[in-house]
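Colleague: model this:
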Amino acid sequence: MPDDLKNSRIVIVGASLAGLRAAEALREEGFTGSLTVVGDEPYAPYDRPPLSKQVLLGQATADTTELPMRRDPEAEWRLGVRATGVDLLARRVLLEDGESLPYDRLLIATGTRARPWPHPEEATLDGVFTLRTREDGKGLAERLAAGPERVLVIGGGFTGSEIASACRELELQVTVAERGPAPLVGALGGTLSKLAAVMQRNHGVDLRTGVTVTALNGNGAFTGAQLSDGSRVEADVCVVALGAVRNVEWLADSGLAAGPRGIACDAGCHAFTMYGIVTDDVFVAGDVSRFPHPLFGYQMLSLEHWGNAVEQAEVAAHNMINPGPLQRPHLSIPVFWSTQFGLNIKSVGVPTYSDHVVIAQGSLEARRLAMVYGYKGRVTAAVTVDMAKSLDYYRHLIETAAPFPPPPGAADRAIAADVPIPSDVPDPSVLSHGPTVALTGYLPDRRLSVV
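Modeller: Purely as a prediction, here's the structure:
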């Protein structure tokens, strides 16, 4: 390892949002050494949120979603080549083309991919899609623009709900099948998910809850699906929105703590080995990471959030080229947002880390509200619906571990809280969609493994 951390060899695996922002941050902090970015797709890093919004609506094309660069990271880009392993002892990244890349510091930012339909012969039917990559977005947008008779969306999480919203905006008939009791229940709990269900049905979505899709039908082309309640949905397009799979398989023999829930790291983004020993030369950032957060009981969090990828990448970059005393932790409060069915939903904190909720402002009936989540008597999250300006106030309550139910706010944030009710966060095993925030440890008082 060179004595000068700012003039060494760094390899970033993952030409992703996190990978790009880390590369830029390295140069901004004075890194002058060699920098290589490896990506399995042939494209420069691009933005994924527009794929389920503007691209599906025809307001943008998939090839215009490339992320702008804040500065040229002066990197060697190895695009269209997959990393197949890491030799921790030799400090080399192995590539599928037989080459290997030496490193002094390694950042893993391989993110996630869409969870596929579990039956390969059905998944390959013409008209069956997932939505994660640029190619996915291009293909699905073209099929929707062709005017299908009906679209079936399997999974009522954020991606599935945004796809359904786009379909209705395009005046397409759409059915959403969700194994849980309501859409978004895995992310927002029972109370707000009821509002989500009402909004979908009010906008003409054929919402089926408490059911699973048992088979996709078709002979070469998708024609419909069988549901667990015995009914059948006739459709010519199917979008499988069952959550994400973390891209860790290539690390199976690496000795790192990599598994289906992601790669475990500490708050400084240092990866753990499979024996729980922290490394000093391998770092993790973005959707593929699992990290502890003191505000949420040191639970290991996995976050599929745009903002988290950016902030964690910048922390990882800083720590890669600074000695121990100058390193800093990644302690940002998770924030995410979604626009669907005319509603702007924003969240701060971890709604699933809760036992009770209270509507602090507005009401479900008005469809404009702020809901605050608490766990064991302190505020842990807040979700606003068309009331985003209030979010900073609730972020402060989370950061200061304010008591729950929340105290009266400032004069312009009058809080007339209802009586707290159970947050009704379901066991993830009853859902067909994956959460964008996952507690990957366990909650002792529930004896419930959360995956």
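Colleague: I believe Ala15 is in a helix; please confirm or correct that.
Modeller: No - using DSSP: H, G, I helix; E, B strand; the rest coil, the secondary structure at Ala15 is coil, not a helix.
Colleague: what about the nearest residue in space to it that is not next to it in sequence, how many neighbours?
Modeller: Excluding its sequence neighbours, the residue lying closest to Ala15 (CB to CB, 6 or more residues apart in numbering) is Gly39, at 2.6 Å. Every C-beta, even on glycine, is put in place using the N, C-alpha and C of the backbone. Residues contacting Gly39 under the criterion other CB atoms under 10 Å number 24.
Colleague: Show me the beta-bridge partners of Gly39.
Modeller: Listed by DSSP bridges, the beta-bridge partners for Gly39 are Leu79.
Colleague: Check the gap between it and Val284 for me.
Modeller: Distance of Gly39 to Val284, given as CB to CB, to the nearest Å: 16 Å.
Colleague: can you give me the strands in the stretch 51-200 of the chain?
Modeller: For the stretch 51-200 of the chain, the strands defined by DSSP state E, counting those that start in this stretch occupy 76-79, 83-87, 92-95, 100-102, 105-108, 112-114, 128-129, 150-154, 173-178.
Colleague: Check the stretch 201-350 of the chain too.
Modeller: 206-209, 213-218, 222-227, 232-234, 237-240, 244-246, 258-259, 262-264, 270-272, 278-284, 289-293, 299-303, 335-340, 343-349.
Colleague: In JSON lines, list those strands along with distance to Pro120.
Modeller: Formatted as JSON lines, the strands of the stretch 201-350 of the chain follow (distance: least, CB to CB, whole Å):
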{"stretch": "strand 206-209", "distance to Pro120": "24"}
{"stretch": "strand 213-218", "distance to Pro120": "11"}
{"stretch": "strand 222-227", "distance to Pro120": "14"}
{"stretch": "strand 232-234", "distance to Pro120": "21"}
{"stretch": "strand 237-240", "distance to Pro120": "12"}
{"stretch": "strand 244-246", "distance to Pro120": "15"}
{"stretch": "strand 258-259", "distance to Pro120": "23"}
{"stretch": "strand 262-264", "distance to Pro120": "25"}
{"stretch": "strand 270-272", "distance to Pro120": "32"}
{"stretch": "strand 278-284", "distance to Pro120": "30"}
{"stretch": "strand 289-293", "distance to Pro120": "29"}
{"stretch": "strand 299-303", "distance to Pro120": "26"}
{"stretch": "strand 335-340", "distance to Pro120": "30"}
{"stretch": "strand 343-349", "distance to Pro120": "34"}
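Colleague: returning to that earlier point: got a markdown table for the strands of the stretch 51-200 of the chain, with mean neighbour count too?
Modeller: As requested, the strands of the stretch 51-200 of the chain are exported to a markdown table (neighbours: other CB atoms under 10 Å):
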| stretch | mean neighbour count |
| --- | --- |
| strand 76-79 | 16 |
| strand 83-87 | 19 |
| strand 92-95 | 19 |
| strand 100-102 | 17 |
| strand 105-108 | 27 |
| strand 112-114 | 19 |
| strand 128-129 | 22 |
| strand 150-154 | 25 |
| strand 173-178 | 25 |
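Colleague: just so I know, which of those strands lies nearest Gln200?
Modeller: Closest to Gln200 of the strands of the stretch 51-200 of the chain, according to CB to CB: strand 173-178, at 6.6 Å.
Colleague: Give me the sheet partners of that closest one and which way each runs.
Modeller: Strand pairing for strand 173-178, determined by DSSP bridges: strand 150-154 (parallel), strand 206-209 (parallel).
Colleague: where in the chain is pLDDT low?
Modeller: Along the chain, the model assigns pLDDT under 70 to residues 1-3, 408-418, 429-430, 432-451.
Colleague: Would you point out which residue is most central in it?
Modeller: Glu304 (1.8 Å; CA atoms, centre = their mean).
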